[in-house]
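Asker: Fold the following for me, if possible:
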Amino acid sequence: MIFFTSDCHFNDYEVIKREFRPFKTTKECDKYILKTWNKQAKKGDTIYVIGDFISYGSRHRDLYKKGILNIKKIKANVVLLLGNNEERLIKAEFDNCFENFKKYCLNLGFKDVKKDEFLEFNDKKFYLTHEPQNHKDNYINLFGHIHKLGGLFKPFGINIACDMNFLQLYSLDCIFELLSIKNGIEKNAPELLEYKVD
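Answerer: Residues are numbered from 1 along each chain as shown. Below you'll find the model as predicted:
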């Protein structure tokens with residue numbers, strides 16, 4: 001089976017507070033996410049994490065070192081697509097070299113690391129990218145980055161941030177169910193999908 005998510009931000013207490021995740025510690029939050037994912041996705045399944053597996057920034061430069069090790073606790077294969085936090089990490093800690101970061105991640109246990117991804121399922125073309133503003137026309141875009149702030153649907157795709165789904169993975173079947181709902185909205189109330197950037 002194939003699953004999708006983004007913005008787990010392992011080992012980051014600031015995200016727990018900002019997103020109102022119901023946990024007191026990063027250990028508690030990370031444990032819950034891992035337990036949930038391992039119930040949903042089994043060995044041989046694939047999880048596409050569409051950015052921000054970890055956090056990296058000036059106030060939390062070392063958080064990623066512990067957070068990224070959670071890959072070793074995930075049963076399924078994980079394909080990591082770069083988010084803005086991974087991009088900052090690559091720039092600061094990996095000499096701005098994507099290949100060095102990719103090698104580091106593969107050695108830890110990620111199945112693959114990519115900047116973005118094009119996929120096709122049931123004759124539908126998907127584009128996976130972390131930031132919604134990088135969406136592609138004529139594709140169903142799966143993205144994150146905006147957490148809960150931007151809502152679930154945009155005219156060009158679906159926000160699959162983990163906070164939109166109670167920290168659970170989105171299965172491919174779930175994505176198709178959401179597309180059906182989105183198509184109904186487009187038909188009956190398209191103004192609800194207007195994309196606004198302030």
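
Asker: Tell me the pLDDT of the nearest residue to residue 69 once chain neighbours are set aside.
Answerer: Nearest residue to residue 69, sequence neighbours excluded (C-beta to C-beta, 6 or more residues apart in numbering): residue 108, at 7.0 Å. Placement of C-beta: from N, CA and C, glycine included. pLDDT, residue 108: 98.

Asker: Just list the residues touching residue 108, thanks.
Answerer: Residues counted as contacts of residue 108 (C-beta atoms under 8 Å, 6 or more residues apart in numbering) are 68-69, 71-72.

Asker: need the contact list for residue 32.
Answerer: So residue 32 contacts 23, 167 (C-beta under 8 Å, 6+ apart).

Asker: Is it within a helix or a strand, and which one?
Answerer: Residue 32 is part of helix 26-40 when elements are defined by DSSP states H and E.

Asker: For that helix, buried residues please.
Answerer: Residues of helix 26-40 classed as buried: 26, 29-30, 33-34, 36-37, 40 (neighbour count, 16 or more other C-beta atoms under 10 Å).

Asker: from the residues you listed, which is closest to residue 60?
Answerer: Nearest to residue 60 among the buried residues of helix 26-40, counting by C-beta to C-beta, is residue 26 at 10.8 Å.

Asker: Next up, the contacts around the closest one.
Answerer: By C-beta under 8 Å, 6+ apart, the neighbours of residue 26 are 10-13, 16.

Asker: How far off centre is stretch 181-195?
Answerer: 23 Å (C-alpha atoms, centre = their mean, to the nearest Å).

Asker: from the buried residues of helix 26-40, which single one is nearest residue 187?
Answerer: Distances from residue 187 to the buried residues of helix 26-40, taken by C-beta to C-beta, are shortest for residue 40, at 30.6 Å.
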